Structure formats: C-alpha cells, structure tokens
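Student: need coordinates for the below:
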Amino acid sequence: MGAAVLVFIALFHGAGLHWILVQQTRAEKRLRLGKPRLFAAAVQFGWSVFLMLDLHIAEIFIWAFALNRVGLIVRAADAIYFCANCYTTLGMGRVDVGEHWRLVSSIIGISGLFTFAWTTSALVDVVASNRRLVDQMEEERIQQIRMRFALQKQEWVTMKTERQAERSAKAKERVAATGVSLRQKFKLWREERRQIAELRIERQAEQEDLRRQERMKERELWAKSVSHIEETDLQ
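Tutor: The predicted model follows:
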C-alpha cells in the first residue's frame, strides 16, 4: 500500500511541477512582450513558489486520506498531523499507527525527501529564469529612462529656441513701433502675435515628432525582445 501511494505521489508531483513550470514560462513570455513590470515579475515568482507549497500540502492530504481510508488512523486531523510529521521527516508527533504498519512512516518520509529534492531542483530553474527576466526588464527600463531623458532634453532645447525666437520678435516689434502711429503699432502687434503663434505651433509639432520617434524606439526595443524570445524557443 505504501509503495502504491508513493508511486502515485511521484506521478502527481511530477505533473504538478510540470504545470507550474509551464505557467511560469508562459507568464514570463507575456511579461517580456510588454513594458518592464518588475512588480508583476515578483508576484509571478511568488505565485510559483506558493503553488509548489500547495503541491506538498496536497500530497500530505493524499497520505492522510490513504491512512484514514485503510483504518490505520481514525480521526482525519490525527492522520493529517501524523503524515505531516512523517512527510517532513520531523517525527515529533504522538500519533502512531499499529505495530505492523510502522514501516509506513518511513515510506512517507521517503516520499517527502524525494518530492522536496524534486521541488528544489525545479525551484532553482524558476529562480534562474526569474533572474534573467528581471535583468532583461532592468536593462529595458534603463534604456527607456535614457530615451525619455533624451526626449526631455530635446523638448527643453526646442522650447528654449522658441522662447528666444519670441523675445527676438518682441524686440523687433518694439524697435519698429518707435515713432509710428497707433494704427501701425496695432498692425505690428498683430504681426508679432501671428509670428509667436506660428513659432508655438512649430514647437508643438516638433515635440510631437520627438515623442513619436521615442515611441517608435520603444516598439523597436520590444520587437527585439520578441525576436530574442523566438530565437530562444527555436534553440
């Protein structure tokens, strides 16, 4: 009976770990395709670890169910407590099975050692994969910060040039308005307003063009990430 449950738990644990790793891989691919989200990567890593913990808890319940159905331990709570102690190789519980069934506790301990070692190897892969994902996100985030800083710098230069052009237009208007009639001053003022409006429209158009170029660079960065993922999958 112990060998049968041990084999079943090994198959159950393998299937569960495979599903967790597949979900982790799919989530990492989705995170690589979008904007860098470090918090989402941390949540996904924690969720994978939580699922691994749930897998071990489920296996303890499987052992407890088997012992309870066989009749070795009548109370379900005592069966869970006994199996948890044996599964984690603590052996500190006061609950025990019959004299002819004591070998079951050793088999439960073997199943725990086997599945914990299996989980540890899978967890190493999850940690390494998450580390690569975080490194990629950090690199993309740094590149985005640099691109946005360059965009802000270009926008500032554009605004400074536009303000200098406005001051130059106002200075010219003041010089031209010296010694002319009120009507001519009004015409000069209107011409100055028109030039300033044109300068501001040009500045806004230039800033929009800079933002469009920055968005195109971000899309190129994401496209490189997608191509890298596809090349990795092909390898």
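Student: domain boundaries for this protein, per the record?
Tutor: The chain breaks down into these domains under automatic domain parsing: 2-138, 143-234.
Student: mean pLDDT lowest where, among these?
Tutor: Set side by side, the domains of the chain differ in mean pLDDT, and domain 143-234 is lowest with a mean of 64.
Student: mind listing what the closest residue to Val127 other than its chain neighbours touches?
Tutor: Spatial nearest neighbour of Val127, chain neighbours left out: Phe45 (7.8 Å); criterion: CB to CB, 6 or more residues apart in numbering. C-beta here means a position set from N, CA and C on the backbone, and glycine is covered the same way. Residues counted as contacts of Phe45 (CB atoms under 8 Å, 6 or more residues apart in numbering) are 126-127, 130.
Student: separate out the buried members of these.
Tutor: Taking 16 or more other CB atoms under 10 Å as the criterion, what is buried in those is 126, 130.
Student: how about the contacts of Phe45 in a markdown table, adding secondary structure and distance to Leu103?
Tutor: Below are the contacts of Phe45 laid out as a markdown table (DSSP: H, G, I helix; E, B strand; the rest coil; distance: CB to CB, whole Å):
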| residue | secondary structure | distance to Leu103 |
| --- | --- | --- |
| Val126 | helix | 34 |
| Val127 | helix | 36 |
| Asn130 | helix | 40 |
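Student: what would the contacts of Phe45 look like in JSON lines with distance to His13?
Tutor: Formatted as JSON lines, the contacts of Phe45 follow (distance: CB to CB, whole Å):
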{"residue": "Val126", "distance to His13": "15"}
{"residue": "Val127", "distance to His13": "19"}
{"residue": "Asn130", "distance to His13": "21"}
